[in-house]
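Visitor: just need the structure, nothing else, for what follows:
(one chain, ligands or ions: 3)
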Amino acid sequence: MQISPQLTARFERLQNAYPVKRSALIPMLMYAQDEFGFVGEEMIAEIAGRLDLRTVQVEETLEYYSMLHRKPMGKHHVQVCTNVACMLRGGYDILEQAKKRLEIGHKEVTKDGVFSLEEVECIGACTGAPAIQVNYDFYENLTPLSFDKIIEELDAGKKPAPVEVISGALHPRDPQETPLISRLFGVKDSRKIDVYLQHGGYQALEKALKEMTPASIIDEVKKSNLRGRGGAGFPTGMKWSFVPKDNPKPKYVICNADESEPGTCKDRPLMEMDPHQLIEGMVIAGRAIGANRGFIYIRGLIHTGAGAYECGEESALMESLEGKRGYPRIKPPFPAVVGLYGCPTIINNVETLSAVPAIIREGGEAYANRGTPKNGGTRLLCVAGHINKPGIYEIPLGMNMKKFIYEMAGGIPNGKKLKAVIPGGSSCPLMTADEIDLPMDYDSVAKAGSMMGSGGMVVMDEDTCMVDMARRIMHFYAHESCGWCIPCREGTTWLRKMLERFHAGLGRREDIDLIAELSKNMLGRTFCPLGDAAAMPTISIVEKFRSEFEDHLNGRCAYKNTEALLGAR
Ligand SMILES: Cc1cc2nc3c(=O)[nH]c(=O)nc-3n(C[C@H](O)[C@H](O)[C@H](O)COP(=O)(O)O)c2cc1C
Ligand code: SF4
Ligand code: FES
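Guide: Numbering: from 1, shown residues only. Ligands and ions are numbered 1, 2, ... in the order given. Okay, here's the model as predicted:
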């Protein structure tokens, strides 16, 4: 097998880049796939040799990740997202058009090897839905017609212009927005260090290094009331204070940039448009806990993951970073004590770490005052689905949800009524139109029975079929369940099947309660929170939209043509 000099150089760099060689495995597999279109037997042996692994160890990791292929894909690998935000804006129409136009199905390759097709889960372009990815390029706001044009150009050997930044990241600022961590969005060359420096960049780091001790940095972050933006909302300063000071082992900072929660697409623009802010935040975090090494874990790209939702979970992410399958670890011990390579580690979301320079610059109290008591600062919200102005907005924590939807995001298109809202990513319980008149902070949304989650809001109008929504959400979790524990593996698979059958008009009356019961049986009984993430939205849909399930018992979906649906799946 002939390997190009570029790939050889990349392999050699990676082999020496990590404290433990195996960590280079997934990035090496990704680079190999970039060159050959797939990872074949010879390449597996080559990589195993370079990393002192057995081929079976490379194979078991390779099999786990959906972005890695053992068979050749087309020169242009077309990935069509049909997850919630895309589904609401015609994602399935794009998929049908793709099948028709390319004359191939899911995971198939055209005879000439030019195209392959894959129906995929959220690609983090929700505010530009419906979206597709072709190799590493994104195309957004598609119609079947514009999709055809892209295929036509690719077929003719041309490259249609992909979107440069995610649609929705750049829009005229609303006066009620409070741009702090997104303040450089739209500024020319914002990703360059000179521009960052011109806007006060790295001043916080200088202050942290010259004027502050590790303890005073942690105190400042505690004062800011910053809570993790990755989903769980854990207080950041407290997390950092758990790292033992007397542990002689190396310490690590990991940035969780997996961004896998459907509906969420804020971390990518934060990194694309203001990468230095994140780096500054990571270095300050490193000083606070005494770490001298950090990793940014991104699916598909710095340290590459390879497409598994579960790898967003912090302990599974560390397994993945160590070059293994992304199975979660038993907790305790928590990562702050036993993390990456068995060493103390903090893991934070991109948005959390990006907020750190502002906290140090303006002081913890000033940052806290931008939000509400116990919910400090600002939050990036991505709003997608049936909304007039889908986009990424930076708002003060505590802003009213109804006001946000109707004023800042422009309300519901075509004069339709609002039916439901996913407030912060598809694992959150859904809220009805009557429940949204409340402040958007962690505590108020939790009190109302849902979660702020990862900031991925998805809005549904009155014409949305909620059974179909439950079906699509469960399809995702069943697909992403790593299969490690039985309640999640079996529960999500059965629920997916039941919901598909139900929506196709083949459900039984007793299934309605069974769907809720099965979901409740998963709650709190799975090894990691993915089981809860699958159960919570489902329970809320059955409870709040039961009548729509009953309507389906007559064999028809009131909102869609049942036959078309059967054909689509
Ligand atoms: C199944 C699952 C997927 C997750 N995916 C992500 C993710 O994509 N990005 C993220 O930052 N956190 C994700 N989390 C949360 C992480 O486990 C962890 O709480 C977070 O990275 C901590 O950072 P924070 O305190 O800054 O929020 C996920 C959790 C679970 C259970
Ligand atoms: S809950 Fe699901 S994703 Fe988590 S360990 Fe169990 S099977 Fe894997
Ligand atoms: S990009 Fe399709 S749902 Fe997020």
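Visitor: my guess is Arg299 contacts Asp267, does it?
Guide: No. The pair Arg299 / Asp267 is not scored as a contact, 10.5 Å apart, by Cβ atoms under 8 Å. To be clear about C-beta, it is placed using only N, CA and C from the backbone, and glycine gets the same treatment.
Visitor: and for those two, which residues touch both?
Guide: Listed contacts common to Arg299 and Asp267 are 257, 259; contacts here mean Cβ atoms under 8 Å, 6 or more residues apart in numbering.
Visitor: need the residues of this protein near ligand 1, please.
Guide: 228-232, 234, 256, 258-261, 309-310, 312-314, 347-349, 352, 528-530, 533 (Cβ under 6 Å from any ligand atom).
Visitor: which ones among those lie within strands?
Guide: 256, 347-349 (DSSP state E).
Visitor: ok, which of these also contact ligand 3?
Guide: Counting by Cβ under 6 Å from any ligand atom, no member of those is near ligand 3.
Visitor: let's have those in CSV, adding neighbour count, distance to Phe502 and pLDDT.
Guide: Formatted as CSV, those follow (neighbours: other Cβ atoms under 10 Å; distance: Cβ to Cβ, whole Å; pLDDT from 0 to 100):
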residue, neighbour count, distance to Phe502, pLDDT
Asn256, 27, 35, 97
Ile347, 27, 38, 98
Asn348, 26, 39, 98
Asn349, 27, 35, 98
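Visitor: now Glu543: closest residue in space, sequence neighbours ignored.
Guide: Of all residues beyond its chain neighbours, the one nearest Glu543 is Ala516 (7.1 Å), with distances taken as Cβ to Cβ, 6 or more residues apart in numbering.
Visitor: same deal with Gly342?
Guide: Lys249 (7.3 Å).
Visitor: now for that neighbour: which residues touch it?
Guide: Shown in contact with Lys249 (Cβ under 8 Å, 6+ apart): 342-344.
Visitor: narrow those to those that are buried.
Guide: Using 16 or more other Cβ atoms under 10 Å as the burial test, the contacts of Lys249 include 343-344 as buried.
Visitor: alpha carbons only: can I get the strand or helix carrying Ile360 in CSV?
Guide: Ile360 belongs to helix 350-362 when assigned by DSSP states H and E. The C-alpha trace of helix 350-362 is given here as CSV (Å, rounded to 0.1, in the frame of the first residue of the first chain):
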residue,chain,number,x,y,z
VAL,A,350,-16.9,25.3,24.4
GLU,A,351,-19.3,28.0,25.5
THR,A,352,-18.4,27.5,29.2
LEU,A,353,-14.7,27.9,28.5
SER,A,354,-15.3,30.8,26.1
ALA,A,355,-17.0,32.7,28.9
VAL,A,356,-14.0,32.5,31.2
PRO,A,357,-11.9,35.4,29.6
ALA,A,358,-14.9,37.8,30.0
ILE,A,359,-15.3,36.7,33.7
ILE,A,360,-11.6,37.4,34.5
ARG,A,361,-11.6,40.6,32.4
GLU,A,362,-14.8,42.2,33.9
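Visitor: after that helix, which helix or strand is next?
Guide: helix 364-369.
Visitor: the one residue in the stretch 101-250 of the chain that gets nearest to ligand 1: neighbour count?
Guide: With Cβ to the nearest ligand atom as the measure, Gly228 is the residue of the stretch 101-250 of the chain nearest to ligand 1, at 2.2 Å. Residues lying near Gly228 (other Cβ atoms under 10 Å) number 21.
Visitor: so what's it closest to, chain neighbours aside?
Guide: Phe234 (4.7 Å).
Visitor: now swap in Leu88 and tell me
Guide: Nearest-residue entry for Leu88: Gly385, 4.4 Å, with adjacent residues in sequence omitted and distances by Cβ to Cβ, 6+ apart.
Visitor: list the beta-bridge partners for the residue of the stretch 351-500 of the chain found nearest ligand 3.
Guide: Proximity of the stretch 351-500 of the chain to ligand 3 (Cβ to the nearest ligand atom) peaks at Ala384, 7.0 Å away. Per DSSP bridges, the residues bridged to Ala384 are Val458.
Visitor: the residue of the stretch 101-250 of the chain closest to ligand 1 and Ala355: what is the separation?
Guide: Here the criterion is Cβ to Cβ, to the nearest Å. By it, Gly228 lies 10 Å from Ala355.
Visitor: repeat for Leu14
Guide: On the measure of Cβ to Cβ, Leu14 and Ala355 end up 31 Å apart.
Visitor: these two: which is more packed in?
Guide: Taking other Cβ under 10 Å, Leu14 and Ala355 do not tie; Ala355 has more neighbours (27 against 21).
Visitor: ok, that one - contacts?
Guide: Here Ala355 is in contact with 180-181, 224, 226, 229, 281, 367, 377-378 (criterion: Cβ under 8 Å, 6+ apart).
Visitor: show me the residues you listed that map onto strands.
Guide: Thr378.
Visitor: neighbour count and distance to ligand 3 added to the contacts of Ala355, as JSON lines?
Guide: Formatted as JSON lines, those follow (neighbours: other Cβ atoms under 10 Å; distance: Cβ to the nearest ligand atom, whole Å):
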{"residue": "Leu180", "neighbour count": "21", "distance to ligand 3": "25"}
{"residue": "Ile181", "neighbour count": "28", "distance to ligand 3": "21"}
{"residue": "Ser224", "neighbour count": "28", "distance to ligand 3": "30"}
{"residue": "Leu226", "neighbour count": "28", "distance to ligand 3": "26"}
{"residue": "Arg229", "neighbour count": "30", "distance to ligand 3": "17"}
{"residue": "Gly281", "neighbour count": "28", "distance to ligand 3": "25"}
{"residue": "Tyr367", "neighbour count": "25", "distance to ligand 3": "29"}
{"residue": "Gly377", "neighbour count": "26", "distance to ligand 3": "25"}
{"residue": "Thr378", "neighbour count": "23", "distance to ligand 3": "22"}
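Visitor: same list (the contacts of Ala355) but as JSON lines, adding pLDDT and distance to Ile193.
Guide: As requested, the contacts of Ala355 are exported to JSON lines (pLDDT from 0 to 100; distance: Cβ to Cβ, whole Å):
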{"residue": "Leu180", "pLDDT": "97", "distance to Ile193": "20"}
{"residue": "Ile181", "pLDDT": "97", "distance to Ile193": "17"}
{"residue": "Ser224", "pLDDT": "97", "distance to Ile193": "25"}
{"residue": "Leu226", "pLDDT": "96", "distance to Ile193": "25"}
{"residue": "Arg229", "pLDDT": "96", "distance to Ile193": "24"}
{"residue": "Gly281", "pLDDT": "98", "distance to Ile193": "15"}
{"residue": "Tyr367", "pLDDT": "97", "distance to Ile193": "24"}
{"residue": "Gly377", "pLDDT": "95", "distance to Ile193": "25"}
{"residue": "Thr378", "pLDDT": "97", "distance to Ile193": "24"}
